[in-house]
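Student: mind folding the following:
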Amino acid sequence: MPELAPCRVRAYRAAHSWDGRIWQFRDLDFTVHPGEVMAILGPNGRGKSTLLRVAAGLLHPDGGRVEITGSAGLVPQDFARPFPYRVLDMVLMGRARHIGLLRMPGRHDRAAALAALEVIGMAHKARHRFDELSGGERQLVLIARAIAGEPAILLLDEPAAALDLRNQDRVLSLMRRLADEGLSVIFTTHQPNHCLAVADSALLMLPDATVIFGETHAVLTDRQLTRLYGLPVRMVEIRDRARRHQAMVPLFSAVSARSGTPEQPSEFSDPAPA
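Tutor: Coordinates of the predicted model:
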């Protein structure tokens, strides 16, 4: 990837409401530095996607401000109606700010688009039609389109929502690698385990429109996640050879209501109390 300019995202008492009465978020303060990944978690309708659009400059906050240093690339969840373009052409659209108006993509632009497809493992689909891909493949192409634009800040709206477990791991690893190369990465997710895997910090958008921001392992606790989702949640440690992984386990009522389920030996153990 090309050398990246220093960048960051900073919010000062940012607020947004669609009708001026019911706030999606307010008094929101956070900072994301170059090389950092921030995860945004919250229930449906809480304003996660709206916050990404504010950070991308597509919406103005109703209060406070969000400042961005550097160019931003936004990856939406998916197109409601996929376009019948070739995959390579879809990725080339990410080069728009480099190409300019009334100009055609050049050799460098095509090389950048192919390199982005190579990064996400979709180079072999370059000549396929975008609308004939699976939902997960389309999501990967949208990520490649953002990467092709050589952004300093990458904003992803539920980037792994339509992916199987292997491809979720690919996307999470990619986000972490891009951050390690100097990008600022912000993504929304309904999966706290994704946050635990790659995020340096977490922003919880609670149902009462308040927010909690801090280092991932300080913010993602049993108590806070239970409050976030209105469902009992437990953090556990999983030992894998010499490594320890933290994971979130939701206690679904459909499971807890089952009777006669025999207890099984488990490799899971509750972490030490905070």
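
Student: name the residues of stretch 214-226 that are buried.
Tutor: Using 16 or more other C-beta atoms under 10 Å as the test for burial, stretch 214-226 gives 216-217, 219-222, 224-225. Placement of C-beta: from N, CA and C, glycine included.

Student: ok, which pair from the residues you listed is furthest apart?
Tutor: Longest distance between any two of the buried residues of stretch 214-226 is 14.5 Å, between 216 and 222; criterion C-beta to C-beta.

Student: now do the strands in the stretch 51-200 of the chain.
Tutor: 63-69, 72-75, 153-157, 184-189 (DSSP state E, counting those that start in this stretch).

Student: which other helices and strands does the longest one contact?
Tutor: Right, the one you point to is strand 63-69. strand 8-17, strand 23-32, helix 48-55 (3 or more C-beta pairs under 8 Å, 6 or more residues apart in numbering; DSSP states H and E).

Student: wait, which of these is closest to residue 150?
Tutor: strand 8-17 (17.2 Å).

Student: okay, and for this structure, where does confidence drop off?
Tutor: 1-7, 78-82, 98-104, 255-274 (pLDDT under 70).

Student: can you list contacts of the longest helix along it?
Tutor: Determined from DSSP state H, the single longest helix within the chain is helix 165-180. Outside helix 165-180, the residues within contact range by C-beta atoms under 8 Å, 6 or more residues apart in numbering are 1, 35-37, 119-121, 136, 140, 143, 147, 154, 156, 159-160, 163, 185, 187, 194, 197-198, 200.

Student: returning to that earlier point: please identify the most buried of the strands of the stretch 51-200 of the chain.
Tutor: strand 184-189 (a mean of 26; mean count of other C-beta atoms under 10 Å).

Student: checking my notes, residue 39 in a strand, right?
Tutor: Yes: under DSSP: H, G, I helix; E, B strand; the rest coil, residue 39 falls within a strand.

Student: sweet, I'm off.
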